[in-house]
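Visitor: Sequence first, predicted model second:
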Amino acid sequence: MKSRKTGSITIYMSLLLMVVASLLFTLLEVSRYLALEMTAVINSQSVTESMFAEYHIPAYQNYHLFLMDSSYGSGQLLLSKVNQKMQELGQENLNPAVIGLGRYHNFLQMDVTDSSVVQYELATDQHAEPLLRQISKLMKKEIAADLAEAAYQKITNVQETGEQGKKADRYLDGAIDTIGQAKEEKERENQQQFQMRSFRTGTDESAGSEEDIENPMDPIKQAKNSPLLAQILSKDTKISAKAISKQDAVEKRELNVGNFQGESVSVVSDKIMILQYLKKYMSNYKQQRNIPHALNYEQEYLLFGKSSDEENLKKMASRLLLVREGINFAYLMTDHAKCEEAFAAATAIAAAAGIPAAVKAIQMGILASWAYAESIAEMRTLFEGGMAASVKTSENWTVSLAEAALVPFQTSVKSKEVQKGLDYEDYLQAFLAIESLKKIGERLANLLEKNFRLYTGYDQIKMDHMITAMETSHRYQARQVFLTFVTIARLSKKGYQYETLYRFSYTPEKDSE
């Protein structure tokens, strides 16, 4: 009886131990299941961010931009290569090989069954918005908002006077045409009178000619039809001969397009920062950075998009001339003494041409010519690093009416020095401020692409292969461990399946304070 009792107790205790062991191992397995899930999440984050840690070195060193090249030097968008690298990296994280000890095992071991890019954003998407967004956020960390706003106000205070400059050109053309027509008509009258005299007298007398009154508009018109840079720059000035290919330009070719939805770039606040970035990191005619670049006048290219430095500089000179002509012509219209001087000259010219009714038109043409001469003098100062007055006065006016006709042909004549005004770079910023962000973004992407190709090993790089943000999916599989020690039940014969999504961008949607 005693032995039977003892046996029953033993069986009871064994069953109790088995129940306790089953409960313990089940609790351990549940804890392990939750820990595996957390490990999967952490590994997904780590793998995705590690991929972004492989950013393009020249882009960061020279422009402080983070770009991940998904082509790996192949010249093609290789998302399959990105997927492969993520899976390999994730597998190594979870099952690291320890030198000398074989493979390390732990209770949280699991395998990566798949890693893939679900959504991705390329630097050129939406007219290079990801690129511009990153630039804006970079500059918000580098420059105080109030300083940037003050700089922006300085350049936006420059009124769009280009139309006024075009109006001055029309006045000049109109006055010259009027005088030309009058001369032709007078010449016809003289010819008729000559024929009448010859018929009456039977002599072959030549028609008398009147000495022309000096007209400052003619040489100015001649100057306007001559190369502008030759009037501004001295003969020993060297203009960059660099040019880039048009054939594979970012804004011309068909681009790869991502499917990631990021923040949009606002029109005003971001543009202020983008302009500051361009001023700091992109070269121009007056300020060049000592790094490899396909064009020397980069900001001018961003503004005009021509393929050579010389073409862009010509466009810059023409735009600047129109603005300065507008400012100078508008001032002359308010200066009573200068208007009277022009009127006196116009009266003499009109009398000589026999068109007294055209005095006012000729006066406007003379004022336009005068404004052009003053503008050429100012342009020489600006291109040499000086400033031009934002508001013209009699004190800062340089060219007299008597000198106007010769100024375009004498490169030594420059405008007076001023303490307050705008220099060449200020005007460049002002012109960029009224340019669309779409064009700036596309041209900037193209320029960066051409610059990156100057580095060894990056000759096939393309900006529409540069990833700036992506969402990744990772799948994991793990076996049961603790439940294999008990025979009561198993949660799953196939083990555990996990799937995680992780979203990462070089420019997070919310700035960290």
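Guide: Arrived safely, thanks for sending.
Visitor: Below-threshold pLDDT in the stretch 151-300 of the chain: ranges please.
Guide: 151-167, 182-213, 267 (pLDDT under 70).
Visitor: likewise the chain?
Guide: Checking the chain against pLDDT under 70 turns up 1-7, 18-19, 21-22, 25, 97-107, 145-167, 182-213, 267, 481-494, 509-513.
Visitor: what about the strands in it?
Guide: 68-69, 111-122, 387-388, 422-423, 466-478, 496-505 (DSSP state E).
Visitor: Just put those in CSV and tack on distance to Ala353 and mean neighbour count.
Guide: For glycine as for every other residue, the C-beta is placed from the backbone atoms N, C-alpha and C. Putting the strands of the chain into CSV (distance: least, CB to CB, whole Å; neighbours: other CB atoms under 10 Å) gives the following:
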stretch, distance to Ala353, mean neighbour count
strand 68-69, 69, 21
strand 111-122, 65, 19
strand 387-388, 35, 22
strand 422-423, 40, 18
strand 466-478, 65, 23
strand 496-505, 70, 16
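Visitor: between the ones you listed, which gets nearest to Ser264?
Guide: strand 111-122 (12.4 Å; CB to CB).
Visitor: Now do the closest one against strand 466-478, angle only.
Guide: 160 degrees (axes from the mean of the first three to the mean of the last three CA atoms, to 10 degrees).
Visitor: circling back to that earlier point, could the strands of the chain go into CSV alongside distance to Ile349?
Guide: Converted to CSV, those look like this (distance: least, CB to CB, whole Å):
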stretch, distance to Ile349
strand 68-69, 67
strand 111-122, 63
strand 387-388, 30
strand 422-423, 35
strand 466-478, 62
strand 496-505, 68
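Visitor: Out of these, which is closest to Arg324?
Guide: Of these, nearest to Arg324 by CB to CB is strand 387-388, at 6.5 Å.
Visitor: counting contacts, what elements does that closest one pack onto?
Guide: The contact analysis (3 or more CB pairs under 8 Å, 6 or more residues apart in numbering; DSSP states H and E) places strand 387-388 against helix 359-383, strand 422-423.
Visitor: To Gln91, which of the ones you listed lies closest?
Guide: Per CB to CB, nearest to Gln91 of those: strand 422-423, 58.3 Å.
Visitor: Next, count neighbours for Ser412.
Guide: Neighbour count of Ser412, defined by other CB atoms under 10 Å: 7.
Visitor: Offset the numbering so it begins at 643, please.
Guide: Sure, I'll start numbering at 643, so the last one becomes Ser1054.
Visitor: Next, it: phi, psi?
Guide: Taking degrees, to the nearest 10, you get phi -80, psi -20 for the backbone angles of Ser1054.
Visitor: re the thing from before, and of the strands of the chain, who's closest to Leu676?
Guide: strand 1138-1147 (10.6 Å).
Visitor: Adjacent strands (with direction) for the closest one?
Guide: When pairs are called by DSSP bridges, strand 1138-1147 turns out to pair with strand 1108-1120 (antiparallel).
Visitor: Output the longest helix belonging to the chain.
Guide: Longest helix in the chain, counting residues (DSSP state H): helix 644-694.
Visitor: Pull the contacting residues for Glu1091.
Guide: If you count contacts by CB atoms under 8 Å, 6 or more residues apart in numbering, Glu1091 has them with 892, 1103-1105.
Visitor: what does Tyr923 give?
Guide: Each residue near Tyr923 by CB under 8 Å, 6+ apart is listed here: 704-706, 931.
Visitor: Tell me how far it lies from Ala1046.
Guide: Look at Tyr923 and Ala1046: by CB to CB, to the nearest Å, they are 41 Å apart.
Visitor: cool, and Ile699?
Guide: On the measure of CB to CB, Ile699 and Ala1046 end up 55 Å apart.
Visitor: which one of the two has more residues nearby?
Guide: Neighbour totals were compared for Ile699 and Ala1046, and Ala1046 leads with 22 against 12 (other CB under 10 Å).
Visitor: Setting the sequence-adjacent residues aside, check what's closest to that one.
Guide: Leaving aside its chain neighbours, Ala1046 sits nearest to Ala1015 (3.8 Å; criterion: CB to CB, 6 or more residues apart in numbering).
Visitor: Hmm, Val1041 and the one you found touching each other?
Guide: Yes. Proximity of Ala1015 to Val1041 meets the contact threshold set by CB atoms under 8 Å, at 4.8 Å.
Visitor: and the two? which has more neighbours close in?
Guide: Taking other CB under 10 Å, Ala1015 and Val1041 do not tie; Ala1015 has more neighbours (26 against 22).
Visitor: so who does the more buried one touch?
Guide: By CB under 8 Å, 6+ apart, Ala1015 lies in contact with 862, 1041, 1045-1047, 1049-1050.
Visitor: same thing with Ser712?
Guide: Neighbours of Ser712 in contact, by CB under 8 Å, 6+ apart: 719-721, 723-724, 762, 1107-1109.
Visitor: List just the nearest of the residues you listed to Ser656.
Guide: Nearest to Ser656 among the contacts of Ser712 is Val724, at 55.6 Å by CB to CB.
Visitor: if we can go back for a sec, please pick the buried ones from the contacts of Glu1091.
Guide: 892, 1103-1105 (16 or more other CB atoms under 10 Å).
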